[in-house]
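Q: Okay, predicted coordinates and the sequence, questions at the end:
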Amino acid sequence: MAVRAFLAATLVASAMASAVTPIQKVLELMDGMLEKGIAEKKAEAVKFSAFNQWCGDQTRIKTNEIAAGDAKIEELKATIEKKASEIRQLTDRIDELDEDVGRWNKDSKSATDVREKEAVDFKATVLDYTESIDALTGAIAVLKKQASPTVQAEAFLQVKRQRLVPDSAKSALTAYLQESQEPDSSQPDEMLFRKAPEAYGYEFQSGGVVDMLLKLQDEFTTKKRQLEEDELVSQHAFENMLQQLTDNIENAEHEISKKKQLRAETEEAKAEAEGDLAQTEKDRAEDQKYLDIMTALCEQKSTDFASRQELRAGEIEAIQKAIEIISSKTVQGSGEKYLPQLVQQPATSLVQVKSGDMSPYQQQASAFLESQAQSSGSRLLSEVAQRVAADPFKKVKKMIKDLISKLNEEATAETEHKGWCDAELAKNKQTRESRSADVAELTAEIEDLTADIAQLTQDIADLAKAVKELDEAMATATEERTSSKATNEQTIKEAKEAQAAVEEATAVLQDFYAKSAQATAFAQQSPGEDAPETFEKPYQGLLPEGGSVVDFLEVILSDFVRLESETAATEAAEADEYKEFMFESKKDKALKQNESEHKAQSKVNKESALHTAEEELKTNQEQLNAANKYYEKLKPDCVDSGINYEERVKLREEEMQSLSEALKILQGQDLPTMG
C-alpha cells in the first residue's frame, strides 16, 4: 500500500508539473516502453538472424568438410586395404615362386644325380656285354677252326668268366669239355682236360655248342644295341627335362624380381596412404570438434533467443493491453462498476429430488443401489434404482426377487456355455496356430526358394555374361598383342635407324667444330672514331651454339638408345603378360562354365521344390481359412461380449449381492419400530 501511494503521488506530481493528467503520463511512459520493447525485440532479431546465418553457413561448410574427410578416410582405408591385400598376394606369389625355384633346383640336382648313376651303370653294363660278345666271338671262332683242346678250354673259360652268360650255357660248356677231354694232372686247372677225338668230332659236327654260342652272341648284341638306344633316349629326356627346369627357374627368378619391385612400390604407396589417412583423420577430428562446439553454442543461443523473444512478445502484448485498457473511456470507476458482476453465485442443483409419497425404505434402497451402480458401473443397478424410486413398494420387492432369480439362471447358463466355448476355442486355436505355423513356414520356404531361383537365374546370366566378356577380352588381348608386337618391332627398328642418323650428325658437327676452333675467318680491324661497330674477334663459328647442339644430339642419342632398350623390355613383358593372361582367362572360363552348369542343375531342383511347397501352402491356407471362418462364427457368442467372463461373473455377483441388500432394506419396513 505504501508503494502504491508513493507511485500515485509521483504520478500526480509529474502530471501537475507537465500539465498532463496522470493517465496521460502513464500512457506516455507505456508508449515509450512499447516503442523501446519493439525496437529492442527487432534489433535482437536482426542480430540473431545474422548469427543464425553464420551458424548455417558454418554448419554447411564444416559438414561438407567432415563429409569430404569421411569420404577421403574411407577411400584411403580402402586404398590401404587394397595395397595390403596386393602386398600379401605379391608376398604369397614370391614365396610360392621361391618354393618352386627351390623345388626345381632340387629336382634338377636329383635328376642329374640319377642320370650320372644311370650313365655309370650303362657304361658298366655295355662293357659287360662287349666283353661277353668278344668272348663268345672268340669261342665261336675257336670251335669253327677246330682248335686244339687247350685253346678251346681257354676260350670256354673266357666265356664262363662273363657275368652275363647264363648258368645253363656255362654248364653246357663244362659238360662239353668233360666229354671231349680227359683230365691231365700235369697241366694247370684251366687245362685239366685232354681231347677225346670221338666226342669232340661229334659235338663239333652237331654244332650244338656253336649254335648256343651264336644264339648268345645274337642275344647280347641285340641287348647291347637296345641298351645303347635306351641310353640315348634317357639322355635326351634328361636334357629336355633339365632345360625345362632351367627355363622354369629363369622365368620364376625374373618374375620374383618384378614382383619384389612391385611390392616395394606398393609398400611405399601404402605408407603414403597411411600418412595421408592419419593427417585426414586429425583434420576431420578438429573439424568435428569445432562443429560440435559451434552446434552447442548455436542451439543454446537459439533456445535463449526463442525464450527472450517469447518474453519480449509477452511483455509487448501486456503493455499494449494495458495501454488499451488505460486509454479507454471507461477506466475510471470500472472496478466499482464491473467487479461485483464477476463474482459467481453458487449454482443451483440440477438434480431435482422427487419426494412424493415414496417410502423412506425405498429412498434408502434407491440411494444404496445408485451408489452401488456408480461404484461398480452396473447399468442394471442404475435402472433398478430408478425403478425402486418410481414403482410401488410391493412391485419393487417382487421385481428385485425376480431379478435375483433371473441372474442365477443366467449364471448357470453362462457357465455351461463357457465350457463349450472354451473347448471349441481351444480346439480352433490349436488348428489355427498349427496351420498358421505351417503357412508361415511354407511361405518363408517359398520366399527363400523364389529368392534362390532368382539369384541362381541372375548368377547364370552373370556367368554367361562373364564368359562372353572373357572371350571378348581374350580376342581383344590377342588383337592388341599382335598390334603391339608389330608396333614394338617397328619402334625398335626406327630407334636403331635414328641412333645411326644421330651418330652421323653428331660426327659431322664435332668434326666441323674441331677444325673451326683453329681457323681465323676474319682479320681484326682497327675501327676509327666515327666508324660503326665492327667485329673485334676472329670468327670461329657458332661454337657455343654448336656445342649446345652437339650436347642435345648426345641427349637425343641416349634417348633413342633408351627407347630401344625400354621397348625391347616392354615387348618381353607384354608377351609374358599376354601369355599369363590367356592362361588365367582360359582357366577362369572353364571354371565359370562348370559353375554355370552346377547352378543350372540347382535351379531345376529348387524349381521342383518350389512347386511342391506352393501346393502344400495352398492346402494349408485352405485349412487355415476354414479355421478362421469358424473362429469368426464363435466370436459373437464366445469372445466379443464386451467384457470377459470373469468380469461378467464378478459384476453379476455384485449385482446379486446389491439386490439382496436392497431387498433386506425394503423388508426392514415390516420390522417393528424401535421405541
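A: Alright, I've got the coordinates.
Q: When you work out contacts or count neighbours from here on, use the C-alpha atoms and nothing else.
A: Noted.
Q: among the helices and strands of the protein, which one scores worst on average pLDDT?
A: One helix or strand of the chain scores below all others by mean pLDDT, DSSP states H and E: helix 334-342, with a mean of 34.
Q: if I look at the residue minimising distance to the centre of the chain, how far off is Ser85?
A: Nearest to the mean C-alpha position of the chain, counting by CA atoms, centre = their mean, stands Ala78 at 11.7 Å. Counting by CA to CA, to the nearest Å, the gap from Ala78 to Ser85 is 10 Å.
Q: swap in Asp448?
A: Taking CA to CA, one finds Asp448 at 34 Å from Ser85.
Q: same deal with Leu403?
A: Distance of Leu403 to Ser85, computed by CA to CA: 89 Å.
Q: the more surrounded of the two?
A: Leu403 (18 against 12; other CA atoms under 10 Å).
Q: Need phi/psi at Pro149.
A: Geometry field for Pro149 lists phi and psi as phi -60, psi -40, criterion degrees, to the nearest 10.
Q: Could you tell me how many residues sit around it?
A: Pro149, neighbours per other CA under 10 Å, totals 21.
Q: The one 4 residues further on too?
A: Counted with other CA under 10 Å, the burial measure for Ala153 works out to 23 neighbours.
Q: Val159 - how many residues pack around it?
A: 25.
Q: what sits against it?
A: Ser132, Ala135, Leu136, Ala139, Val165, Lys170 (CA atoms under 8 Å, 6 or more residues apart in numbering).
Q: Show the pLDDT at the third one.
A: The reference is to Leu136. pLDDT, Leu136: 84.
Q: all helices for the stretch 401-550 of the chain, in order.
A: In the stretch 401-550 of the chain, the helices defined using DSSP state H, counting those that start in this stretch lie at 543-638.
Q: Low-confidence ranges, it, go.
A: The model of the stretch 401-550 of the chain has pLDDT under 70 over residues 499, 501-503, 505-506, 508-550.
Q: Give me the contacts around stretch 162-169.
A: Under CA under 8 Å, 6+ apart, the answer for stretch 162-169 is Asp128, Tyr129, Glu131, Ser132, Ala135, Val159, Met212, Leu216.
Q: mind checking which helix or strand the fourth one is in?
A: Right, the one you point to is Ser132. Secondary structure assignment for Ser132, by DSSP states H and E: helix 22-145.
Q: which helices and strands sit right next to that helix?
A: Packing partners of helix 22-145 (3 or more CA pairs under 8 Å, 6 or more residues apart in numbering; DSSP states H and E): helix 2-18, helix 149-160, helix 208-327.
Q: Compute the inter-axis angle for the second one and helix 208-327.
A: For helix 149-160 and helix 208-327, the angle between their directions (axes from the mean of the first three to the mean of the last three CA atoms, to 10 degrees) works out to 10 degrees.
Q: need the next SSE after helix 149-160, C-terminal direction.
A: Note on helix 149-160: by DSSP H and E, the next helix or strand toward the C-terminus is helix 167-180.
Q: Do me a favour and average the pLDDT over that next one.
A: pLDDT averaged over helix 167-180 gives 75.
Q: same question, stretch 279-287
A: Mean per-residue pLDDT for stretch 279-287: 91.
Q: Equivalent analysis for stretch 46-59, please.
A: 85.
Q: any idea how far Glu614 is from Glu504?
A: As judged by CA to CA, Glu614 and Glu504 stand 88 Å apart.
Q: So which of those two has more stuff around it?
A: Shown here are Glu614 and Glu504; by other CA under 10 Å, Glu614 has more neighbours (15 against 12).
Q: Need the pLDDT of the more buried one.
A: Glu614 is assigned a predicted lDDT (pLDDT) of 88.
Q: what sits against it?
A: With CA under 8 Å, 6+ apart, Glu614 has these contacts: Leu442, Ile446.
Q: roughly how far apart are it and Pro166?
A: Distance from Glu614 to Pro166, by CA to CA: 84 Å.
Q: And for Ser382?
A: Ser382 sits at a distance of 136 Å from Pro166 (criterion: CA to CA).
Q: who's more crowded, those two?
A: Legend: neighbour count by other CA under 10 Å for Ser382 and Pro166, higher for Ser382 (19 against 11).
Q: C-alpha coordinates for the helix or strand where that one lies, PDB please?
A: Assessed by DSSP H and E, Ser382 sits inside helix 379-390. In PDB, the C-alpha atoms belonging to helix 379-390 read as follows (Å, rounded to 0.1, in the frame of the first residue of the first chain):
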ATOM      1  CA  ARG A 379     -26.300 -50.200 -15.700                       C
ATOM      2  CA  LEU A 380     -28.700 -52.800 -14.300                       C
ATOM      3  CA  LEU A 381     -28.400 -51.500 -10.800                       C
ATOM      4  CA  SER A 382     -28.800 -47.900 -12.000                       C
ATOM      5  CA  GLU A 383     -32.100 -48.900 -13.800                       C
ATOM      6  CA  VAL A 384     -33.300 -50.800 -10.800                       C
ATOM      7  CA  ALA A 385     -32.500 -47.800  -8.500                       C
ATOM      8  CA  GLN A 386     -34.800 -45.600 -10.800                       C
ATOM      9  CA  ARG A 387     -37.500 -48.300 -10.700                       C
ATOM     10  CA  VAL A 388     -37.200 -48.600  -6.900                       C
ATOM     11  CA  ALA A 389     -37.800 -44.900  -6.600                       C
ATOM     12  CA  ALA A 390     -40.700 -44.800  -9.100                       C
END
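Q: Residues contacting it, please?
A: 358, 362-363, 365-370, 372-374, 396, 655, 658-659.
Q: Return the member of those nearest to Glu281.
A: Gln374 (70.5 Å; CA to CA).
Q: number of nearby residues for that closest one?
A: 12.
Q: Give me the spatial nearest neighbour of it, chain neighbours excluded.
A: Nearest residue to Gln374, sequence neighbours excluded (CA to CA, 6 or more residues apart in numbering): Ser382, at 7.7 Å.
Q: Report the separation between the one you found and Glu267.
A: 92 Å.
Q: residue contacts, Lys401?
A: Neighbours of Lys401 in contact, by CA under 8 Å, 6+ apart: Leu663.
Q: To clarify, my last question referred to Asn105.
A: Shown in contact with Asn105 (CA under 8 Å, 6+ apart): Leu245, Ile249.
Q: How confident is the prediction for it, by pLDDT?
A: At Asn105, the pLDDT value in this model is 93.
Q: How about the one 4 residues further on?
A: The confidence metric pLDDT takes the value 91 at Lys109.
Q: One more: the one 3 residues further on?
A: Among the per-residue scores, Thr112 holds a pLDDT of 92.
Q: what's the neighbour count on it?
A: Neighbour count for Thr112, taken as other CA under 10 Å: 15.
Q: now swap in Asp107 and tell me
A: Neighbours of Asp107 (other CA under 10 Å): 15.
Q: which residues of the stretch 551-675 of the chain score low on pLDDT?
A: Looking along the stretch 551-675 of the chain with the criterion set at pLDDT under 70, you get 551-557, 559-560, 639-643, 645, 669-675.
Q: same deal with the stretch 101-250 of the chain?
A: 146-147, 179-207.
Q: ok, now with 90
A: Scanning the stretch 101-250 of the chain with the threshold set as pLDDT under 90 gives 118, 124-129, 131-217, 219-220, 223-224, 227-228.
Q: unless I'm mixing things up, Leu442 is touching Ala613, no?
A: Yes: Leu442 lies in contact with Ala613 (CA atoms under 8 Å); the separation is 6.2 Å.
Q: And those two? Which one has more around it.
A: Taking other CA under 10 Å, Leu442 and Ala613 do not tie; Leu442 has more neighbours (22 against 19).
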